[in-house]
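Visitor: Here is the input, now give the coordinates:
(chains A and B)
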There are 2 protein chains.
Amino acid sequence: MTSLSPTTRTTLGRKRNRAASDRETLYAVLDEALICHLGVVHDGTPLVLPTGYGRDGDTLYLHGSTGAASLRTAAGELDVCVTVTLVDGIVYCRSLNNHSMNYRSAVIFGRARALTGRDEKMHGLRVLTDHLAPGSWEHSRGVNAKEFAAVSVLALDLSEASVKLRAEGPDDEPEDVAADAAWAGVLPIRTVFGEPEPSADLPSTWSVPEHVRTRVSEAAAQ
Amino acid sequence: MTSLSPTTRTTLGRKRNRAASDRETLYAVLDEALICHLGVVHDGTPLVLPTGYGRDGDTLYLHGSTGAASLRTAAGELDVCVTVTLVDGIVYCRSLNNHSMNYRSAVIFGRARALTGRDEKMHGLRVLTDHLAPGSWEHSRGVNAKEFAAVSVLALDLSEASVKLRAEGPDDEPEDVAADAAWAGVLPIRTVFGEPEPSADLPSTWSVPEHVRTRVSEAAAQ
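Guide: Numbers count the residues shown, from 1 in each chain, chains lettered A, B, ... in the order given. Model prediction:
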């Protein structure tokens, strides 16, 4: 188990007992979530944009087309905070004050670098695709030269990252448990994939391909 | 229909045709999502924290206990960007390049203000509770003086806000549609509430109360 590298930034003001210094947990959060929230400083004020991403090893690849591209420095770098959050449940307690959420959240700091080399940029595109739509890289029409030139991919090292999570039942005061005056429990939250909706202009001879169909089944089995 | 007040910050680098200048759409996004991502500038670098919130009219209330409280200025204010994102679907196109997501995202800029008056802070707590766990305000044991003093609530005006969304099928190049060489469609994504899990220390005589039970049914009916 490799520990992460929390800094004062990654532990700031959060409950320490909710921090998980476990790289596998970090990977699991990043691999399960669909989007990240990319934070940058723009004209001295904060800017947070929902952004597509993908992970390969200890590198996070980010879609650079959501506003972030225009914010890069001349060196092609961008000081970022990337946060990925999975909400797992609502925790109802006997007391209002102890109501909480079960969640897993990864926070990554670093300098995102715009990819310029053909091979690394193509690799970043593949990682982004495999995260958003696994199987599409093999199934769909590939990126042509014009499209490739227009797209922007950023890479961010996962060296300064932390994970916080809560994954437990209600934590009530003893006197509230004894009073037994209110319900307590967890309302689980899941993200599920519904029935695929073929494009209106898709010939009816098409059935939903395996790489899409499998996802529905996986979600339903959760 | 009151239009929002987009600034150069809220329209930065995003596709204009995905912007919805409709306050009702803003409200709908804020009322449906469960958490926001709160962006602040800390020591000159961006910091993005998942945070609980609730809305009442044109005021967003934020839990101040997630690190944000310690970042307030002496005046009790904090320059923030609050982003709330709902992911609605994965859009598979014939071409990799046109793959996309259906989503609704609200971005709000402003100065979050720490609530100090008893009445406004108590109101903020109620709005936060009604968002996270509607019905708990009436059902659960209320906030006592000690708990009330320890909690922190921020308020943010919704005057500088924008909504972006994509809610449509694949948008393929005509030649890719004609080639008919790949599947295209949308894989819908939903957030659902599962079966409530009573606390391990809850007497078995309890049944799941109406305000929790109702939520499960609502989700299942989506």
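Visitor: Next, work out how far apart the residue located most distally from the centre of chain A and residue A:113 are.
Guide: Going by C-alpha atoms, centre = their mean, the residue of chain A most distant from its centre is residue A:179, 40.3 Å out. In this view, residue A:179 and residue A:113 are 56 Å apart by C-beta to C-beta, to the nearest Å. C-betas here are computed from N, CA, C, even on glycine.
Visitor: Please apply the same query to residue A:133.
Guide: 24 Å.
Visitor: Compare those two (neighbour count), which wins?
Guide: Neighbours per residue, other C-beta atoms under 10 Å in any protein chain shown: of residue A:133 and residue A:113, the larger number sits with residue A:133, 23 against 18.
Visitor: Strands of chain A, start to end?
Guide: Assigned by DSSP state E, chain A shows strands spanning A:19-20, A:35-42, A:45-56, A:59-63, A:77-92, A:100-114, A:153-157, A:160-166, A:185-193, A:197-198.
Visitor: Determine which stretch of the ones you listed is the most buried.
Guide: When the strands of chain A are scored by mean count of other C-beta atoms under 10 Å in any protein chain shown, the highest mean neighbour count falls to strand A:35-42 (a mean of 25).
Visitor: Mind listing the strands that strand pairs with, and their directions?
Guide: According to DSSP bridges, strand A:35-42 has the following sheet partners: strand A:45-56 (antiparallel), strand A:77-92 (antiparallel).
Visitor: Those strands into JSON lines, with extra columns for mean pLDDT?
Guide: As requested, these are exported to JSON lines (pLDDT from 0 to 100):
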{"stretch": "strand A:45-56", "mean pLDDT": "96"}
{"stretch": "strand A:77-92", "mean pLDDT": "96"}
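Visitor: Would you tell me which of these gets closest to residue B:140?
Guide: Evaluated over those, closeness to residue B:140 peaks at strand A:77-92, with 7.4 Å, by C-beta to C-beta.
Visitor: what is the orientation angle of the closest one with strand A:59-63?
Guide: 90 degrees (axes from the mean of the first three to the mean of the last three C-alpha atoms, to 10 degrees).
Visitor: May I have strand A:77-92 as CSV, with CA atoms only?
Guide: Written as CSV, here are the backbone C-alpha positions of strand A:77-92 (Å, rounded to 0.1, in the frame of the first residue of the first chain):
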residue,chain,number,x,y,z
GLU,A,77,0.9,25.0,-17.7
LEU,A,78,-2.0,25.7,-15.4
ASP,A,79,-2.1,25.6,-11.6
VAL,A,80,-5.1,23.5,-10.8
CYS,A,81,-7.1,21.7,-8.1
VAL,A,82,-9.1,18.8,-9.5
THR,A,83,-11.8,17.4,-7.2
VAL,A,84,-13.7,14.2,-7.9
THR,A,85,-16.6,13.3,-5.6
LEU,A,86,-18.9,10.3,-5.4
VAL,A,87,-22.0,10.7,-3.2
ASP,A,88,-22.9,7.3,-1.6
GLY,A,89,-25.6,8.0,0.8
ILE,A,90,-27.5,10.4,3.1
VAL,A,91,-27.0,9.7,6.8
TYR,A,92,-30.1,10.4,8.9
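Visitor: what angle sits between that strand and strand B:185-193?
Guide: Computed by the same axes, to 10 degrees, the angle between strand A:77-92 and strand B:185-193 is 50 degrees.
Visitor: and strand A:77-92, how far from the chain's centre?
Guide: 7 Å (C-alpha atoms, centre = their mean, to the nearest Å).
Visitor: Equivalent analysis for stretch A:37-55, please.
Guide: With C-alpha atoms, centre = their mean, you get 13 Å for stretch A:37-55.
Visitor: Same check on stretch A:111-125?
Guide: On C-alpha atoms, centre = their mean, the centre of stretch A:111-125 falls 19 Å from the chain's centre.
Visitor: buried sites along that stretch?
Guide: Residues of stretch A:111-125 classed as buried: A:111, A:112, A:113, A:114, A:115, A:121, A:123, A:124, A:125 (neighbour count, 16 or more other C-beta atoms under 10 Å in any protein chain shown).
Visitor: Can you show me the CA trace of that stretch as PDB?
Guide: Extracted in PDB, the C-alpha atoms of stretch A:111-125 (Å, rounded to 0.1, in the frame of the first residue of the first chain):
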ATOM      1  CA  ARG A 111       0.300  21.900 -12.600                       C
ATOM      2  CA  ALA A 112      -1.700  20.600 -15.600                       C
ATOM      3  CA  ARG A 113       0.400  20.500 -18.700                       C
ATOM      4  CA  ALA A 114      -1.000  20.800 -22.200                       C
ATOM      5  CA  LEU A 115       0.100  17.900 -24.300                       C
ATOM      6  CA  THR A 116       1.800  18.800 -27.500                       C
ATOM      7  CA  GLY A 117       3.600  15.700 -28.700                       C
ATOM      8  CA  ARG A 118       1.500  13.600 -31.200                       C
ATOM      9  CA  ASP A 119       1.900  10.300 -29.400                       C
ATOM     10  CA  GLU A 120       1.300  11.600 -25.800                       C
ATOM     11  CA  LYS A 121      -1.700  13.600 -27.000                       C
ATOM     12  CA  MET A 122      -3.200  10.600 -28.800                       C
ATOM     13  CA  HIS A 123      -2.600   8.500 -25.700                       C
ATOM     14  CA  GLY A 124      -4.400  11.100 -23.600                       C
ATOM     15  CA  LEU A 125      -7.300  11.000 -26.000                       C
END
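Visitor: Pull the residues that contact it.
Guide: A:54, A:56, A:61-62, A:64, A:68-69, A:72, A:76-80, A:82, A:143, A:148, A:151-156, B:96 (C-beta atoms under 8 Å, 6 or more residues apart in numbering or on different chains).
Visitor: could you check the angle strand A:153-157 makes with the longest helix along chain A?
Guide: In chain A, assigned by DSSP state H, the helix with the most residues is helix A:118-132. Using the same axes, to 10 degrees, the inter-axis angle of helix A:118-132 relative to strand A:153-157 is 80 degrees.
Visitor: got the angle for helix A:118-132 vs strand B:100-114?
Guide: 80 degrees.
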